[in-house]
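*Asks:* Next come a sequence and a model predicted from it.
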Amino acid sequence: MRVIICGGGVIGASIAYFLSRRGARPIVVERSGVACAASGKSGGFLALDWCDGTPLAALARRSFQLHEDLTHTIDQDWGYRRLTTYAGDVRAPARAGAAREDGHAWLSSAVKLSHRLGSPQTTAQVNPGPFAAALIAAATAQGAELRLGTVRGLVRDGTQIKGVEVDGEVIPADAVVIAMGPWSVLATQWLPLPPVFGLKGHSLIFDTGAAVPAEALFLDYRERGGALQSPEVFPRADGTTYVCAISSEGPLPLDPGQVGPDPGAIERLEEICRQLSPVLVSAPIVARQACFRPVTEDGLPLIGPVPGLNHVYVATGHSVWGILNAPATGEAVADLLLDGAAGKVDLAPFDPARLPALDPKRLSTHA
């Protein structure tokens with residue numbers, strides 16, 4: 001079966017890896033590079049049980065285990081490690097020189113940790129860009145192919161897929177998977193798909209060296225203007241620390257390379273970081289960035305066959321859990337393509353047919 005995966009983010013990379021592991025030779029088509037959008041700019045936080053009680057529970061639990069399994073089957077390092085995770089808030093401006101007595105010396109006196117959210121048994125992390133790149137590298141080593149180019153449309157004969165048009169060339173295909181993150185909304189020009197929206201988030205990456213331990217934070221912070229933010233802090237195994245906050249809604253540019261921070265958002269995020277930690281005050285900032293996370297109308301991903309067509313599938317809309325749920329999504333879609341059904345996880349809650357398709361005439365309001 002000749003499978004073309006449209007999208008080289010972490011979802012597309014995972015599908016390519018699991019297909020290639022079973023002997024398939026997929027072609028991944030990506031506009032500019034692997035993990036060039038949200039997959040390379042997200043936090044990479046993983047949680048075993050935070051989706052319990054929701055339709056995502058089984059997918060998340062399977063994926064959490066696969067993240068560890070992959071460290072034993074792929075001979076590359078993408079910063080996987082277990083974490084302790086805390087909740088807290090910032091109650092007052094940090095006092096210069098004020099020492100902490102709770103063992104969290106890297107935090108300012110303004111940060112009050114209220115309780116532990118996760119242990120090394122239940123929370124972990126990856127560096128998502130290197131993780132996606134490692135999946136693609138492992139897939140190509142097993143016969144997959146990465147092609148840079150822009151998907152312009154699908155070639156069909158009635159309900160049967162014939163190929164994918166990429167920059168004027170038609171690549172023959174027996175099956176196609178749409179995994180373009182929020183840019184999957186563009187595929188509604190060719191396919192009856194529900195809308196996928198982009199939710200923008202901003203982040204900073206600091207070079208903190210060995211000064212920050214493996215402690216992830218989920219905090220509440222009220223800005224001076226009164227806006228309530230929820231900064232998340234993820235120290236990484238490579239000596240950097242990722243901090244994100246300040247979400248917004250706005251038009252999705254056609255080119256992921258054109259995504260940039262909102263005016264003033266990075267400055268506000270830098271001010272938050274100055275209140276959180278003296279380490280962040282003195283650490284060099286190595287990245288100031290923004291990305292759009294893909295979300296759907298009901299908050300659940302779209303994973304499964306596109307209604308009314310043969311051998312056309314979609315896998316997107318994972319929102320904040322895209323990195324966590326990528327491996328189980330890749331495994332399930334590979335099984336769906338090769339066996340006709342997912343073997344480990346029930347995909348019924350994520351059936352694209354559960355939501356109405358977007359009218360292509362309304363596309364400009366979503367992209």
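*Replies:* Received it, and whenever you're ready, just let me know what you need. No experiment lies behind these values; they were computed from the predicted model shown.
*Asks:* Hmm, Leu254 and Ser32 touching each other?
*Replies:* No: with contacts defined as Cβ atoms under 8 Å, Ser32 does not count as touching Leu254, sitting 11.9 Å away. Where you see a C-beta, it was placed from the backbone N, CA and C, and this is true even at glycine.
*Asks:* need the helices for the stretch 201-350 of the chain, in chain order.
*Replies:* Assigned by DSSP state H, counting those that start in this stretch, the stretch 201-350 of the chain shows helices spanning 265-276, 278-282, 322-339.
*Asks:* how about the second one as PDB, C-alpha atoms only?
*Replies:* Translated: helix 278-282. Output of helix 278-282 as PDB, limited to C-alpha atoms (Å, rounded to 0.1, in the frame of the first residue of the first chain):
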ATOM      1  CA  PRO A 278      16.000  34.300  39.800                       C
ATOM      2  CA  VAL A 279      17.600  31.700  37.500                       C
ATOM      3  CA  LEU A 280      15.300  32.900  34.700                       C
ATOM      4  CA  VAL A 281      16.300  36.500  35.400                       C
ATOM      5  CA  SER A 282      20.000  35.800  34.600                       C
END
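*Asks:* Quick one: closest of the helices of the stretch 201-350 of the chain to Arg25.
*Replies:* Taking Cβ to Cβ, helix 322-339 is the member of these nearest to Arg25, at 12.1 Å.
*Asks:* Next, the buried residues of the closest one.
*Replies:* By 16 or more other Cβ atoms under 10 Å, the buried positions in helix 322-339 come out as 322-338.
*Asks:* coming back round to it: in CSV: the helices of the stretch 201-350 of the chain, plus distance to Trp106 and mean pLDDT.
*Replies:* Shown next, in CSV, are the helices of the stretch 201-350 of the chain (distance: least, Cβ to Cβ, whole Å; pLDDT from 0 to 100):
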stretch, distance to Trp106, mean pLDDT
helix 265-276, 9, 96
helix 278-282, 5, 96
helix 322-339, 24, 98
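*Asks:* Regarding stretch 21-33, how distant is the last residue from the first?
*Replies:* Start-to-end span of stretch 21-33 (Cα to Cα, to the nearest Å) is 22 Å.
*Asks:* List of residues touching it?
*Replies:* Here stretch 21-33 makes contact (Cβ atoms under 8 Å, 6 or more residues apart in numbering) with 1-9, 12-13, 15-16, 19-20, 36, 136, 139, 142-151, 164, 166, 171, 173, 255-257, 334, 337-338.
*Asks:* model confidence over that stretch, on average?
*Replies:* Model confidence over stretch 21-33, given as mean pLDDT, is 96.
*Asks:* May I see the buried residues of that stretch?
*Replies:* Arg21, Ala24, Arg25, Pro26, Ile27, Val28, Val29, Glu30, Arg31, Gly33.
*Asks:* low pLDDT regions in the chain?
*Replies:* Residues of the chain meeting the criterion pLDDT under 70: 94, 96-99, 360-367.
*Asks:* cutoff 90 now
*Replies:* Counting by pLDDT under 90, the chain shows low-confidence ranges at 1, 32, 91-103, 224-225, 250, 254-257, 358-367.
*Asks:* Okay, domains of the protein per the record?
*Replies:* As assigned by automatic domain parsing, the chain contains the domains 3-76+126-194+298-365, 84-119+198-295.
*Asks:* Deepest in the core, which of those is it.
*Replies:* Greatest average neighbour count among those goes to domain 3-76+126-194+298-365 (a mean of 21), per mean count of other Cβ atoms under 10 Å.
*Asks:* show me what contacts the residue nearest to Gln142 when sequence neighbours are not counted?
*Replies:* Sequence neighbours aside, Ser20 is the residue nearest to Gln142 in space, at 3.9 Å (criterion: Cβ to Cβ, 6 or more residues apart in numbering). Contact analysis of Ser20 by Cβ under 8 Å, 6+ apart lists Pro26, Ala138, Ala139, Thr140, Gln142, Gly143, Ala144.
*Asks:* ok, residues contacting the strand or helix carrying the third one?
*Replies:* With elements taken from DSSP states H and E, the one containing Ala139 is helix 128-141. Residues outside helix 128-141 that contact it (Cβ under 8 Å, 6+ apart) are 8-10, 13-14, 16-17, 19-20, 26, 28, 34-35, 39-44, 70, 74, 76-80, 144, 146, 323, 330.
*Asks:* Give the next helix or strand downstream of it.
*Replies:* strand 145-148.
*Asks:* The stretch 1-150 of the chain: strands as residue ranges?
*Replies:* Ranges of strands within the stretch 1-150 of the chain are 3-6, 27-30, 45-47, 81-82, 84-90, 111-118, 123-125, 145-148, based on DSSP state E, counting those that start in this stretch.
*Asks:* Output the ones you listed as TSV; include the columns distance to Glu101.
*Replies:* Listed next are the strands of the stretch 1-150 of the chain as TSV, based on distance: least, Cβ to Cβ, whole Å:
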stretch	distance to Glu101
strand 3-6	52
strand 27-30	50
strand 45-47	28
strand 81-82	26
strand 84-90	15
strand 111-118	12
strand 123-125	25
strand 145-148	52
